[in-house]
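S.K.: Output the structure for:
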Amino acid sequence: MKGQLSKPVVELIGFPMDLGAGRRGVDMGPSALRIAGLAEKLEALGYAVRDTGDIPVRIREEQQVNIPNLKYVAEVVRTSEILAGRVRRSLEDGCFPLVIGGDHSMALGSIAGIADYCRANELTPGVIWLDAHADMNTDETSPSGNIHGMPLAASLGLGNERLTHLLGFAPKVLPENCALLGARQIDGQERENIRRAGLPVYTMADIDRKGIGTVIDRILADIPPRVDHLHVSFDLDCIDPGVVYGVGTPVPGGLTFREAHLVMETLAECGCMASFEVAEVNPILDHKNKSAEFAAQIVASSLGLRIL
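M.R.: The predicted structure is shown next:
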C-alpha cells in the first residue's frame, strides 16, 4: 500500500444519524464517544485532534416515510452527500478522517467521500468492514427497509441508484478490495448479493476455526498491497453483547475483548489505515457509557495504543 500516514491530524466528524436504523438512540453516539474521552485518548498517543462538530440531521419526527423499502432516503442521501464532502476535504487537507456516528448508513457518505478523493488522485480505495451483519441488502431484498442494512451493498454498486450513485458514480469500491469480518447474522437474500458481488467474508465460524490472528493477517496480506487508501468501518455490534451491549442490533457470539483489540493492534502495526468510522453506539441501551468507552479504546488501539 502506498502513501502510509504517520501521525496526521485526526479530524473528528460527528454524524448523529438514526434514520437508517429501526431502533432509536444511535444519534447520541457521537456525544457518547466524546464523553468517553476519544479525543483525549488520541492526544495521549501524540496525535493532534481537530473536532469539526456534528453534521445536522433532521429528526424523524419532522419527516415521513414515503418509500417503505427505503425509509427516510431523501434525508439519508442529503446528509450523506454533506458527509462525503467533509471527508474528502479532510483528506485533501492531509488529515485522518475519523467519523463517529450514528447508524451504519453513515458509511454511504464516508466511503463516497473517500472514493471521490481517490478518483481525483488516481488512487485505489479498500475497505475492511467489521460487523455482525453483512449490510448487503438492497431496497429489493431488505425485510425492513432500514438503510443501515444496505451501505456495503450500495458502496459495491448493488441496489437503488439513489444510494449506489451518491456523488454521481458507482461503484465506490471493488469487492476484491474489501473484506467483511465478524459476520454472524446474514439474511437469506443477502447471501445471494454477497455471491453476486464476490465479496470476501470472514464469519465468526472462520474466526473460531482459524483464530482471529490468522484471519486478520490474511486480510492484511490480501488488501493493502492492492490499494492506496484503506478505510476501516467498525460497527460496534461486531463485539459480543456480553462485552458491550449499548448497540442497536446486538447478536450473540461476537468478537471478544481481546480479539477486537488484536485486530486493531494488528492494523496499527500494519500502518496501512487511512480513515476510520465507528457506527451503532447506542447510549440509551448502555450503562454508564461503558460501550462508548470500549469503542473509544478500540479506536485508540487502531492508532497505536497497546493493551499489553
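
S.K.: How are the strands of the stretch 1-150 of the chain distributed by residue range?
M.R.: Under the criterion DSSP state E, counting those that start in this stretch, the stretch 1-150 of the chain contains strands at 10-15, 49-54, 96-101, 125-130.

S.K.: and the last one, how far from the chain's centre?
M.R.: Averaging C-alpha positions (CA atoms, centre = their mean, to the nearest Å) puts strand 125-130 8 Å from its chain's average.

S.K.: and that strand, which strands flank it?
M.R.: Each strand paired with strand 125-130, and its direction, by DSSP bridges: strand 178-183 (parallel), strand 229-235 (parallel).

S.K.: for the second one, same thing?
M.R.: Strand 49-54 has the following strand partners under DSSP bridges: strand 10-15 (parallel).

S.K.: quick revisit: okay, the strands paired with strand 125-130 in a markdown table with mean pLDDT next?
M.R.: Shown next, in a markdown table, are the strands paired with strand 125-130 (pLDDT from 0 to 100):
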| stretch | mean pLDDT |
| --- | --- |
| strand 178-183 | 98 |
| strand 229-235 | 98 |
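
S.K.: Glu62 is nearest to which of those strands?
M.R.: Evaluated with CB to CB, these place strand 229-235 nearest to Glu62, the distance being 26.3 Å. C-beta coordinates here come from the backbone N, C-alpha and C atoms, glycine included.

S.K.: Run the angle between the closest one and strand 96-101 for me.
M.R.: Per axes from the mean of the first three to the mean of the last three CA atoms, to 10 degrees, the angle that strand 229-235 makes with strand 96-101 is 20 degrees.

S.K.: Any buried residues in strand 229-235, and which?
M.R.: When burial is assessed from 16 or more other CB atoms under 10 Å, strand 229-235 yields the following buried residues: 229-235.

S.K.: re earlier: out of the strands of the stretch 1-150 of the chain, which gets nearest to Glu176?
M.R.: strand 125-130 (9.0 Å).

S.K.: Identify the residues contacting the closest one?
M.R.: Strand 125-130 has contacts (CB atoms under 8 Å, 6 or more residues apart in numbering) with 107, 111, 114-115, 118, 135, 152, 155, 172-173, 177-182, 219, 223-224, 226-235, 238, 255, 263, 267.

S.K.: hmm, back to that, save the strands paired with strand 125-130 as TSV, and put in distance to Gly25 too.
M.R.: Putting those into TSV (distance: least, CB to CB, whole Å) gives the following:
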stretch	distance to Gly25
strand 178-183	22
strand 229-235	15
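
S.K.: Which of the contacts of strand 125-130 are buried? Put it as a PyMOL command.
M.R.: Applying 16+ other CB under 10 Å to those, the buried members can be selected in PyMOL as follows:
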select buried, resi 107+111+114+115+118+135+152+155+172+173+177+178+179+180+181+182+219+223+224+227+228+229+230+231+232+233+234+235+238+255+263+267
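
S.K.: the helices in the stretch 51-200 of the chain, which residues?
M.R.: 73-92, 106-120, 151-155, 161-164, 188-197 (DSSP state H, counting those that start in this stretch).

S.K.: Quick check: which of those is buried the most?
M.R.: helix 151-155 (a mean of 31; mean count of other CB atoms under 10 Å).

S.K.: Report all helices and strands that that helix contacts.
M.R.: With contacts defined as 3 or more CB pairs under 8 Å, 6 or more residues apart in numbering; DSSP states H and E, helix 151-155 has these neighbours: helix 106-120, strand 125-130, helix 161-164.
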